[in-house]
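Chemist: What would the 3D arrangement of this be:
(one chain, ligands or ions: 1)
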Amino acid sequence: MASPDTKKRLPRKDLPADAHIETLAVREGLPPTQWGENSEALFLTSSFNHPDAATAAARFANEEEAFVYSRFTNPTTMMFERRLAALEGTEAAIATSSGMSAILLMVMGLLKSGDHVVCSQSVFGSTITLLANQFGKFGVETTFVSQTDVQQWRDAVRSNTKLLFAETPSNPMTEVCDIAALAEVAHAAGALLAVDNCFCTPALQKPVEMGADLIVHSGTKYLDGQGRVLAGAICGPDAIINGPLMTTLRGAGMTLSPFNAWVVLKGLETLSIRMAAQSANTLKLAQWLEAQPQVDKVFYPGLPSHPQHALAMKQQNGSGGAVVSFTVKPANGPVTVTGPATLEEAAMRLRQAAFHVIDQTRLCSITSNLGDTKTLITHPSSTSHGRLSEDQRLAAGITQGMIRVAVGLEHIDDLTADLARGLDTLNA
Ligand SMILES: *Cc1c(COP(=O)(O)O)cnc(C)c1O
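Modeler: Purely as a prediction, here's the structure:
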């Protein structure tokens, strides 16, 4: 393969070297076509033509960077990759069909049978399943450790540990892990640190600046921002992204469709203002929730009551993000909610109270997604964490009384009114 210096490269856009994140979010990409379109073009094509056979050969031999086939690269997808890499501050990015396929690509591309991963036990549920079950089957072993106790990560590292994987803040407890401390543990062991930056996005948190090597995204969430498409990406050094990860993607095909890439590319243009507005809404909602007599506890990194508040403020650009969880006090009345017979009466009373608050909302959408401009409400213990045993849930702090709200752009007074309807009638 030709070295980057001699290889004919695709043109870059002429942007100021010190351009800020807001500027990069609307400007980074590829130069426009000969038609001078102002909005980025959507290239719905599976393959690309070559002027002659010799050029086709050079392009297949990787001597000339060009578009060949949309399983590998596509101009619209590349604009999304370049823009996201610019926002995260990494050399490169590679787009994938979903957040899960980004994690699949990372592990397939970087690890082999006999390698070991250390991962937070509080990461996204499907990530735990993928690592423990699917990759376990292929001989990649994962040790799951505490989200917040760095010593547990250090103790879990072995001579064959190749990857540390973290996600912060966690869902739904919003526990924050110390990215810089984990980077130190990873690098001392000769391993890489990957961070799932889905909840904060580069608008609030830049893991690379704290020493992370790879950033994983579910573009389905805040990058799109309006709940329309599935997408994913990995950001990192050129040598990894356009090395083993691109080779694996070419062969395995967990490619992002150009249409979805275009949607997420345009979503990035408003990322900073959405994250700022939705986080500001969330802080107000969290403060209001803390003052409600029927609310037991509020979990939000932006509140001084949060155990890692100081770390979150330092790591997340002074913001708590746009997801808040809270627990309600148990219902006093007769238990009417049906559920697994294994739940004790105390747990059923909590579930009944949580269901009541959720069912009294009229604005909030009852769905387990997040990262939408619409506010989404969910009961983690019976949905996203419904497959765990009650003991596993309780060990993670997720009680039947917990409600998670992924806050959108509605007016804060309308959101508090929507939740007050259920809270105020809880034991009325
Ligand atoms: C949703 C999510 C994923 C998975 O992303 P998909 O696009 O749904 O595949 C991974 N990590 C986190 C933190 C998520 O919230």
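
Chemist: Remind me which helix or strand the spatially closest residue to Asp115 that is not a sequence neighbour belongs to.
Modeler: Leaving aside its sequence neighbours, Asp115 sits nearest to Lys162 (CB to CB, 6 or more residues apart in numbering; 4.6 Å). Just so you know, the C-beta spots here come from the backbone N, C-alpha and C atoms, and that holds for glycine as well. Element membership for Lys162, per DSSP states H and E: strand 161-167.

Chemist: Tell me which residues touch Trp350, please.
Modeler: Actually, residue 350 is Leu rather than Trp. Contact analysis of Leu350 by CB atoms under 8 Å, 6 or more residues apart in numbering lists Thr327, Val328, Pro330, Ala331, Thr399, Gln400, Gly401.

Chemist: I'd guessed Ala102 sits against Val216; true?
Modeler: Yes: shown here, Ala102 and Val216 form a contact pair, counting by CB atoms under 8 Å, at 5.1 Å.

Chemist: what residues do these two have in common as contacts?
Modeler: Gly232, Ala233, Ile234.

Chemist: Can you list phi and psi of the residue of the stretch 201-350 of the chain found nearest the ligand for me?
Modeler: The ligand sits closest to Ser218 of the stretch 201-350 of the chain, with a gap of 3.0 Å, by CB to the nearest ligand atom. Ser218 adopts backbone torsions of phi -100, psi 100, taken as degrees, to the nearest 10.

Chemist: now Val324, what's its secondary structure?
Modeler: strand (DSSP: H, G, I helix; E, B strand; the rest coil).

Chemist: Tell me the bridge partners for it.
Modeler: Beta bridges link Val324 to Val405 when assigned by DSSP bridges.

Chemist: Might one say that it is in contact with Val295?
Modeler: No: checked against CB under 8 Å, the pair Val324 and Val295 is beyond contact range at 10.8 Å.

Chemist: Contact residues of the stretch 101-250 of the chain facing the ligand?
Modeler: Phe124, Glu167, Asp196, Cys198, Ser218, Thr220, Lys221, Leu230, Gly232 (CB under 6 Å from any ligand atom).

Chemist: Name the helix or strand for the residue nearest to Val328 when sequence neighbours are not counted, please.
Modeler: Spatial nearest neighbour of Val328, excluding adjacent residues (CB to CB, 6+ apart): Ala353 at 4.5 Å. Taking DSSP H and E as the criterion, Ala353 maps to helix 345-359.

Chemist: So for that helix, what gets flagged as buried?
Modeler: Ala347, Met348, Arg349, Leu350, Arg351, Gln352, Ala353, Ala354, Phe355, His356, Val357, Ile358 (16 or more other CB atoms under 10 Å).

Chemist: circling back: quick check: the gap between the residue nearest to Asp115 and Val140.
Modeler: Going from Lys162 to Val140 by CB to CB, to the nearest Å gives 9 Å.

Chemist: Need the contact partners of stretch 44-51.
Modeler: Applying CB under 8 Å, 6+ apart, the set of residues contacting stretch 44-51 is Ala56, Arg59, Ala66, Phe67, Val68, Tyr69, Ser70, Asn74, Pro258, Phe259.

Chemist: Pull out the buried members of those.
Modeler: Judged by 16+ other CB under 10 Å, buried ones among the contacts of stretch 44-51: Ala56, Arg59, Ala66, Phe67, Val68, Ser70, Asn74, Pro258.

Chemist: show me the contacts for the last one.
Modeler: If you count contacts by CB under 8 Å, 6+ apart, Pro258 has them with Leu42, Phe43, Leu44, Thr45, Ser70, Asn74, Thr76, Thr77.

Chemist: which residues does the closest residue to the ligand within the chain contact?
Modeler: Closest approach between the chain and the ligand, counting by CB to the nearest ligand atom: Gly99, at 2.2 Å. Residues in contact with Gly99 (CB under 8 Å, 6+ apart) are Phe124, Asp196, Cys198, Val216, His217, Ser218, Gly219, Thr220, Lys221, Leu230, Ala231, Gly232.
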